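Asks: sequence first, then the predicted structure:
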Amino acid sequence: MTLTNFDREKGLARLATMERIRAFEEVARRAAVDEALVLGAIHLSIGQEAVATAVIEPLRRDDYILSTHRGHGHTLAKGADAQAMMKELLGREGGCCGGKGGSMHIADFGMRMLGANGVVGANITIAAGAAHGIKLLGGDQIVVCFFGDGAANRGPFLEGLNWAGVFDLPILFVCEDNRYSASTLTSDMTSGNVADRARALGLPTTEADGNDVTALAATAAEITARIRQTGKPEFLHARTYRLSGHTYFDPATYRPEGEADEMRATRCPIAKLRGELVQAGVAEGDLDQVRQAAEKEMDAALDAARDAPWPAAASVFADVQDIGSPVEEAF
Amino acid sequence: MTLTNFDREKGLARLATMERIRAFEEVARRAAVDEALVLGAIHLSIGQEAVATAVIEPLRRDDYILSTHRGHGHTLAKGADAQAMMKELLGREGGCCGGKGGSMHIADFGMRMLGANGVVGANITIAAGAAHGIKLLGGDQIVVCFFGDGAANRGPFLEGLNWAGVFDLPILFVCEDNRYSASTLTSDMTSGNVADRARALGLPTTEADGNDVTALAATAAEITARIRQTGKPEFLHARTYRLSGHTYFDPATYRPEGEADEMRATRCPIAKLRGELVQAGVAEGDLDQVRQAAEKEMDAALDAARDAPWPAAASVFADVQDIGSPVEEAF
Amino acid sequence: MVRMTYADAAKLAVAEAMRADPTVWCVGEDLGRGGVFKQYTGLVEEFGPKRISDAPISEAAIMGAAFGAAMAGTRPIVEMRFADFALCATDELVNQIAKARFMFGGQSRAPMVIRKPMGMWRSSAAQHSQSLESWYVHIPGLVVCCPATPQDNYAMMKAAIACDDPVVYLEHKDIWATEGEVDTSLPGRFGKAGIRRAGMDVTLVSWSNTANLCVQAADRLAEDGINAEVIDLVSLWPWDKRAVLTSVKKTGRLVVAHEAVCVAGFGAEVVATVAQTMVLKAPPVRLGSPRGLIAYAPNLEDQMRVTADMIAAAAKKTMEFETA
Amino acid sequence: MVRMTYADAAKLAVAEAMRADPTVWCVGEDLGRGGVFKQYTGLVEEFGPKRISDAPISEAAIMGAAFGAAMAGTRPIVEMRFADFALCATDELVNQIAKARFMFGGQSRAPMVIRKPMGMWRSSAAQHSQSLESWYVHIPGLVVCCPATPQDNYAMMKAAIACDDPVVYLEHKDIWATEGEVDTSLPGRFGKAGIRRAGMDVTLVSWSNTANLCVQAADRLAEDGINAEVIDLVSLWPWDKRAVLTSVKKTGRLVVAHEAVCVAGFGAEVVATVAQTMVLKAPPVRLGSPRGLIAYAPNLEDQMRVTADMIAAAAKKTMEFETA
Ligand SMILES: Cc1ncc(C[n+]2csc(CCOP(=O)(O)OP(=O)(O)O)c2C)c(N)n1
Ligand SMILES: Cc1ncc(C[n+]2csc(CCOP(=O)(O)OP(=O)(O)O)c2C)c(N)n1
Ligand SMILES: [Mg+2]
Ligand SMILES: [Mg+2]
C-alpha cells in the first residue's frame, strides 16, 4: 500500500467507523465502571476495530453478518444505530433487542446483523446456514461470520466450515485472532493453527494483518467480490490484539508485563490509519474532529440510554413463541 | 514389501486374525438372516479386516483401543473371546456386556478394549481422554482409536485431535476410510480431506492402503513404536472398502453397480494376504485350514450362544449406578 | 379418508407443504436414499437434492445451519435420525433456536420442524431408544409434539410446518408401519388433545405410542365393565390441561402413562397439575420406565416397558381404591 | 467449624481430595488463573498445571476426555464454567458417561464430578442463566446434586469426588460469596435432605439457592405465627422422599419452590410423588419460573424469579385454605 494509491475519502470513512466503535466502547466502559449502568458483562473490542471496519466495508446492506460476544464493532460497522445499541447495553426500552438481550445478544436484523452470540463458536454453523438459505432462495447476498481464535477449537468450526464447503455457500469466515481465549493464551490450547485448519477444510484462506485497515479493506473487497461471484466460501485469518481485558472488569493480569502497552503504542489500528492520513496530507485537526464527532455521538447515545425507561413489564412474555402461553392459565 | 523379507509366521498369524474376524461376522450374519437370532442392527466389517489386524498387532495387552458401531474386528483383534462376543450379539447371559449392550456396545475391558460406540465420532474425545489418563498416571501404554470416514465430519474429530495435540498424548487415531457413511458417499459430504485435517491439527499423518495387511502392519509397528517413545499423537488414514452393506440388512443399492463385486474380486485383504503366503511357499491347504479353524471356532461360538440362556431378569437393575436405586421405593 | 402408515402420513404432509411453499426443505443424513426409516422415500425424485438435502454426519451443523437458513427466510425440516443423536445438537436447539427470537427482542423467527424419531425399537439398546420429551417441554421457546396415529402424524406435521415456532417433533420409531385412516381435511391443532375413547370411570392420559397402549388397555378394561376415557395429548407444549382436568373432574381417577423414565418425566407435570387443582377419588398413578437403562437383550428391555396390561391393572387399582 | 464462602468450601473439599488421592484432577477453561468465578484460585500453585489443567474452548472434549481419563483410572473434576455451556457436551454426558457402565455390562466406571455453575446471575441473559437440574434427574446413571450452603458445598463436593458414579454438581452462581460455618467433619450424604428449619404447619421443599429463600420465607412466616418446615433436598437424585413425605404427613401442606421453569421442573416430581401417597389439607403449590426466557433488563429478569415473598405468600395461602 503506497501513498500514491491511498484513497483519502475512504481512509476518512474508515477512520470514522473505527473512531465510532472505539468511542462507543469507551463510553460503554465508563457507563459500566463509573456509573454501574451496564449490569451484565460487556466484552470490548478496543484494538480490534480495523477488522470489523475493513471486512464489512465492501458488504451490501442486504448481506448478512453474524458476530460473537465481542460484537459491538461488527454491529456498528454494519450500520446499526448506536443509540439503540447503547440502550440495549443498559437494558432499556428502545434497545435494539428491547432490553432482552444485552451486549452479548446484540442484533439488528434490519441491517441484516443476525446477532451476537453468548456461546463461543455457535454462530459458525448458523452463519453457514444463513448462506444456505440465500442459496436456496436464489439470492446474491453473502454472509460474513466473525469469531475469535478460541472458537476454532470448538466442533462447530469443523462442522460449519465443512458444511459451507460441501454445499458451496457464499460465506466468508473471519477468525479475528486477538491471541487470547478469555485468560488463556490461545496458542497454548491449539494444536496446529487456524488457517491451516481452514485450508484443510477446503476453503481458500487468506492470512492478513488485522490492524492495518487500509490493506485489510483491499483484501476484504477482493475476497467478498470473489465470493459473490463464485458463490463459494472463503476464510480470512486476521491477526489483531485485544487492548482491553476479556470483559470490562478484567484487569488482564495474565498477559506478559508490558505486552498490552507495547501493542497500544505500536500496533493501534486507529493510530496507524491516522498516520497514513497525515502522510496523505490530511490535517491532524480534521482527524481530531472525526474522533470528537464520534465521542459526541456516543456521549449522546449514553445520555439517551440513561434517560430511557426500563422495558415495559409485559414485554417479558412477548416474543417467546406464538404457540403456548408462557404463563400458567387458570381453569 | 518384497517377498524376501516376508515373514511367513507373521503372515499366518495375520491370516488367522483376519479369517477369524471374517468368520465371526459371516456367522453373525447367518445367525441374523437365517435364524433371526440377532435382534438389533449389526454392522459388518467384511473387507476391512486388515486394518484391525495390522494396527492392533503391535499393541501390548495393556494398551487401549476404542471402536465404533463397526467394532467386531477391532475387538477380536485385541484378544476378546469370540464366544462372549457372539453371546453379546444374541443378547445372552455370558455375553461380554451381559447382554446389555449388543453389537454396538461391545467391549472387553479385560483386554483394554474400551468399547464400541453407537454415536459416530463420540469415541474420539473419549480415546484422547484415555491417553490423558495414561499420561497423568505416568503409564507407558498407548491408545488406538478407530473411526470411520464419516466421523471426520463431526465436531469431536476436531476437538479430540486438538486435545491430543495440545496435551501431547500417546494416541494413534485411525480413520478407517471405507468410502461410505451409511448410504452416502462420504466424499460428497466432505470438504477437503481427512488426512489434511489431521495434519492441520498438528498430528504427524500417514496415509496407507488399508487392505494390504503386510505393509500396513509394518507401518503400524513403526508408528506405534514412535508414539510409545515420544508420547505424542499421530494419525493414520487407511483406505479400505466395506464389502457388506451398512447393516446386515442393507442391500447397499446406493453403490455404483458392480463396485462391490469388483472390490471383492480385486481388493479383498484376505485374498491378497493368501496370495502373498502362497508366493512365500505356504501350501493352499494350510491356508484353507486356517479358514476352516476360524469357521469352526465361530460356528461353535454361535452354538454356545444359541444355547445360552437370557440374562437374569434382575441384572437389568444392576450396573446403573451405585447411588440411588433405579426402582421406586415404597414408603 | 385414505388408509396409510404413520410414516407415509407424515411424508404426505411434508410433500404437500413442499408443493405449496417453495421455501420448505428437508435436511438430514441419507435423505436422498429415503432416510434411515424410509420416511422420505420418493421425495428426492419429486423435489430434487437441494430441497431433500443430504448432510454430513454433523448433527450440530444440521441443526445450526437449518436455524441459520430459517433466519434467512426458509422453512427447514430437520431430520435427526434418532432422537438420541439430537443430543449432539443440544446447544443449537436449546441455547440458540429456542432463545433467539426472545434474546433478539422479537427480530427473528425460527420456523423449523425438528424431527426426532424416539423410543424403544427392539434391541436398539441404550443409545438408540430414548424418550426425552420432558426435556423439551421444559425449554421455553419450543413447541413439542408427540403424535401417536397416522391421522395425527399427518395433521400435526402440517401444523408444525406451518408454525413459525421451532417444533420438536417426536415420532415413535416402533409405529412407522402402523396403518390407519387419515382425513386430510382435519386440521392439526397444538394443545388440543384427542379423546381416543370416551369413558366415565377413569381417565388414562398419555401421548406417543403409549397412547395406543392406553386404547388397548381401555379395551381390556371394558371387558371388565370399566369405562376408561383415553386422552392422547398429542402435543406436550402446549398441552391440553383443560381436557385432562375436565375428564378427571368427571372420573375422579387418573392414570398417566408414558414410555420415558418415570422420574422427572412429563407424567409428573400432569399428575402435579391435577393434584393442585382437585382432590381425586383414588390416588393418581404414574407409569413410566424405571430409572434404569434400556438393555439390548429383549427380556431385559421388556422390563423397562410400560404395557397395556400394566395400564389396565393400574386403572383397576384406582377403581378398587374407592370400594376399599 | 470454620467460616468460609460457598466457593471456598468447595475449593477446600477439592484441595483435600487432591491431597489425599493423586488421581484426582480438575480440568476446564482458564482454571490456571482460578477459573471464571475464582473457585480454583490458588490450586494450580499447589497442584501444578497437570492436575489443575487448562483446556481449549472444547466443552465436548473436556467432557469426553475427562470420561476417557476416568475409564483409564483417574478421577476427574470437570468444570463447565456455566451450566449453559455444558449443553455443548450433552451427548458426552448423557449418551456416553451416564450409560457406559450399564451398556458395557458393568465393566466400566465413570467416577467424575461435573461442575455446572447454574442459575440467574444479574443480567446474564438467556444463555448464561439456566437451571436445568430436572433434565439430569431424568437421566439414569447420573447422580444430581444442588448444594445451597457452604456446609453442603464442602461436604457434598467431598462425597461427589469419592463417589464412583458420575455426579452432576450444580453450584449456584449467585451465592459464590455467601459465607457460612463449615464443619469439615460432617459427611455429605446423597439422598439425605437437610431440615433447614423445623416446623409443624407447612412444608417448604426446595434446593440450591431457592432453599435459602425458603429459609427467609420461613422467617417471615414465623412473624405471622406460622411454623414452616424447610426441607433442602441437597441432592435431587437420589432425593429424600422419606423426609418430604414424613414432613408433609405432619404438616398436611406443601409448597415446592425452585428457580427453574415450573413446567416439567423437578417440583412436579415432588408434588406428584406426594399426591400419589397422601391427601393434603390444602392443594399443594409449585413455584417456579414462568415458561419464558430470562431477560437482560433487571426488571424483566426479576419477573422470572421466585422470591421469598412469593414462597411465604404461597405458604400462607395453604394455611388459609383450611380455614376457608
Ligand atoms: C461454548 C463456550 N465456552 C466457553 C465460553 C466462555 N467464554 C466466553 S468468551 C471466551 C473466550 C473466547 O475466545 P475467542 O474465541 O478467542 O474470542 P475473544 O474473546 O478473544 O474475542 C470464553 C471461553 C462461552 N461463552 N461459550
Ligand atoms: C452422531 C451420529 N449420527 C448418525 C449416526 C447414524 N450412523 C450410524 S453409522 C453411520 C455411518 C458412519 O459412517 P463412518 O463413520 O464412515 O463409519 P462406517 O459406518 O463407514 O464404518 C451413521 C450415519 C450415529 N450413529 N451417530
Ligand atoms: Mg481471542
Ligand atoms: Mg465409512
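Replies: Sure, I can see it. The structure presented is a predicted model; accordingly, all values stated were derived computationally and were not measured. Ligands and ions are numbered 1, 2, ... in the order given.

Asks: check contacts around residue A:78.
Replies: By Cβ atoms under 8 Å, 6 or more residues apart in numbering or on different chains, the contact set of residue A:78 is A:56, A:59, A:65, A:108, A:111, A:112, A:113. Bear in mind the C-beta positions are built from the backbone N, C-alpha and C, glycine included.

Asks: brain fart, residue A:249
Replies: A:32, A:33, A:41.

Asks: how about it, secondary structure?
Replies: Secondary structure assignment for residue A:249 (DSSP: H, G, I helix; E, B strand; the rest coil): coil.

Asks: residue 105: what's it in contact with?
Replies: With no chain named, the answer covers chain A. So residue A:105 contacts A:97, A:115, A:116, A:117, A:118, C:103, C:104, D:125, D:126, D:127, D:296 (Cβ under 8 Å, 6+ apart).

Asks: my question was about chain C, not that one.
Replies: Counting by Cβ under 8 Å, 6+ apart, residue C:105 has contacts A:95, A:96, A:97, A:98, A:99, A:100, A:101, A:107, A:319.

Asks: please redo it, this time with the cut-off set to 6 Å
Replies: Neighbour list for residue C:105: A:97, A:98, A:100 [criterion: Cβ atoms under 6 Å, 6 or more residues apart in numbering or on different chains].

Asks: now, these that are in helices?
Replies: Using DSSP state H, no member of the contacts of residue C:105 sits in helices.

Asks: now stretch C:17-26, how far from the centre of its chain.
Replies: 23 Å (Cα atoms, centre = their mean, to the nearest Å).

Asks: mind checking the end-to-end distance for it?
Replies: 11 Å (Cα to Cα, to the nearest Å).

Asks: and the residue of the stretch 101-250 of chain A that's closest to chain C?
Replies: Residue of the stretch 101-250 of chain A nearest chain C, by Cβ to the nearest Cβ: residue A:129 (2.4 Å).

Asks: identify the farthest-apart pair in the contacts of residue A:78.
Replies: Farthest pair in the contacts of residue A:78 (Cβ to Cβ) is A:59 and A:108. Separation: 13.5 Å.

Asks: on the pLDDT front, check residue A:331 for me.
Replies: For residue A:331, the pLDDT comes out at 63.

Asks: do residue A:279 as well
Replies: Confidence for residue A:279, expressed as pLDDT, is 97.

Asks: hang on, the earlier thing: neighbour-wise, which of the contacts of residue A:78 leads?
Replies: Compared across the contacts of residue A:78, residue A:65 has the highest neighbour count, 29 neighbours, by other Cβ atoms under 10 Å in any protein chain shown.

Asks: isn't that one right next to residue A:111, touching?
Replies: No: applying Cβ atoms under 6 Å, one finds residue A:65 not in contact with residue A:111, separated by 8.5 Å.

Asks: please list which of the contacts of residue A:105 are also close to ligand 3.
Replies: Filtering the contacts of residue A:105 for neighbours of ligand 3 using Cβ under 5 Å from the ion leaves an empty set.

Asks: model confidence for whatever residue of the stretch 201-331 of chain A ends up closest to ligand 3, exactly?
Replies: Among the residues of the stretch 201-331 of chain A, residue A:242 lies closest to ligand 3, at 6.6 Å counting by Cβ to the ion. Note for residue A:242: predicted pLDDT of 98.

Asks: roughly how far does it sit from residue C:160?
Replies: Going from residue A:242 to residue C:160 by Cβ to Cβ, to the nearest Å gives 44 Å.

Asks: equivalent analysis for residue C:28, please.
Replies: Applying Cβ to Cβ to residue C:28 and residue C:160 gives a distance of 15 Å.
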